[in-house]
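Asker: sequence plus the predicted model coming up.
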Amino acid sequence: MAVNGNPTVRRRRLGAELRRLRLARGLTSTQVAEHLLISQPKVSHLENGRRAISPRDVRDLCGLYDVTDQQVVDSLMEMATESNRQGWWVAYGEVPHAVYIGLETAAASVRSYEPLVIPGLLQTPAYAAAVIAETIPLAAEEQIAVRLGVRLGRQSRAHHPARPFRLGVVLDESALRRVVGSREIMREQLDHLNRLGEQPHITVQVLPYSAGAHPGVCGQFSILDFPDTATAATVYLERFTSDLYLEKRSDVRHYGAMFDHLRSRALSPEHTRTFITRAAQGLPDTAPPSGRP
């Protein structure tokens, strides 16, 4: 049973396998919870990879599901042990979007639509710090520093010369026009974006205002694909207080079609670089004062 070595992906893969075994046994999550004297939400959290699971829990569940092949039981228990290992981001303490970071670290490719700001994987340190400080009300300096450290840590995978993943980004024109931090920070960011867009594993396209209404008006989304075919592709929808992960094939297919539509409406990568250069040249001299239009 080959699975990705990333702890987040292992946890989700293990949960999916346990769900499959439960359904094959004809049991509901409520029945499992009653038998093991645990809550039904805990069963759901274990199956969707949101909660750590111990080898002992796996052994008990395998017994309930009549799994008699000891090799399968041992393999699942090993997955439980591996899934409880910590990812690099844990060194920063409690960080937001930890599940997504684990998935992104394991992904073979990411396709992302962003309507408002430059995506984190493509941000300069100064732009990232400004985004974090300006989007979190009353953010403490320590909180900003932690989030910035995690964000820059994520970038090491995207820009690693030996093993980068494929990154395809469609940006709404608003992300280029919105001055974050200062004119100087924004100019540096746009120049940086153009340099990254020249790399063979990164594709950046801009969706100009002239494209009119499009499927992306509903908001940001990312699609993560994994090298291990046993791990389901995942659609990620980021929200301020909670995130949403979609793994149903119909949902992934729907968002994949949306991304393809946005990409076809967007400028080509070559025209995008020209567009970004002109946007940098046309930046206003000063950003509006905080709290004023």
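Answerer: That came in fine, so what should we check first?

Asker: in the protein, where is pLDDT below threshold?
Answerer: The model of the chain has pLDDT under 70 over residues 1-8, 83-97, 160-164, 229-231, 239-242, 285-293.

Asker: which residue is nearest the middle of it?
Answerer: Nearest residue to the geometric centre of the chain (C-alpha atoms, centre = their mean): residue 100, 4.1 Å.

Asker: so who does that residue touch?
Answerer: With contact set as C-beta atoms under 8 Å, 6 or more residues apart in numbering, residue 100 has these partners: 236, 238, 243, 245. Using the backbone N, CA and C atoms, a C-beta is placed for each residue, glycine as well.

Asker: in this structure the second one contacts residue 220, no?
Answerer: Yes - the pair residue 238 / residue 220 is scored as a contact, 5.8 Å apart, by C-beta atoms under 8 Å.

Asker: report how many residues lie close to residue 61.
Answerer: Residue 61 has 24 neighbours, counted by other C-beta atoms under 10 Å.

Asker: now it: closest residue in space that isn't a chain neighbour?
Answerer: Once flanking residues are discounted, residue 61 sits nearest to residue 18: 5.8 Å by C-beta to C-beta, 6 or more residues apart in numbering.

Asker: same for the helix or strand hosting that neighbour, what does it pack against?
Answerer: Using DSSP states H and E, residue 18 maps to helix 7-25. Under the contact definition 3 or more C-beta pairs under 8 Å, 6 or more residues apart in numbering; DSSP states H and E, helix 7-25 sits against helix 40-47, helix 55-64, helix 70-83, helix 98-106.

Asker: can you lay out those helices as a markdown table showing distance to residue 113?
Answerer: Formatted as a markdown table, the helices and strands packed on helix 7-25 follow (distance: least, C-beta to C-beta, whole Å):
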| stretch | distance to residue 113 |
| --- | --- |
| helix 40-47 | 29 |
| helix 55-64 | 37 |
| helix 70-83 | 30 |
| helix 98-106 | 15 |
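
Asker: out of those, nearest to residue 259?
Answerer: Proximity to residue 259 (C-beta to C-beta) singles out helix 98-106 among these, at 16.3 Å.

Asker: pairing partners for whichever helix or strand comes after that closest one, with directions?
Answerer: Sequence order places strand 109-114 as the next helix or strand after helix 98-106, per DSSP H and E. Looking at strand 109-114 with DSSP bridges, its partner strands are strand 166-172 (parallel), strand 221-225 (antiparallel).

Asker: looking at the ones you listed, which is nearest to residue 112?
Answerer: When those are compared (using C-beta to C-beta), the closest one is strand 221-225, at 4.2 Å.

Asker: where's residue 15 relative to residue 45, distance?
Answerer: Distance of residue 15 to residue 45, computed by C-beta to C-beta, to the nearest Å: 8 Å.
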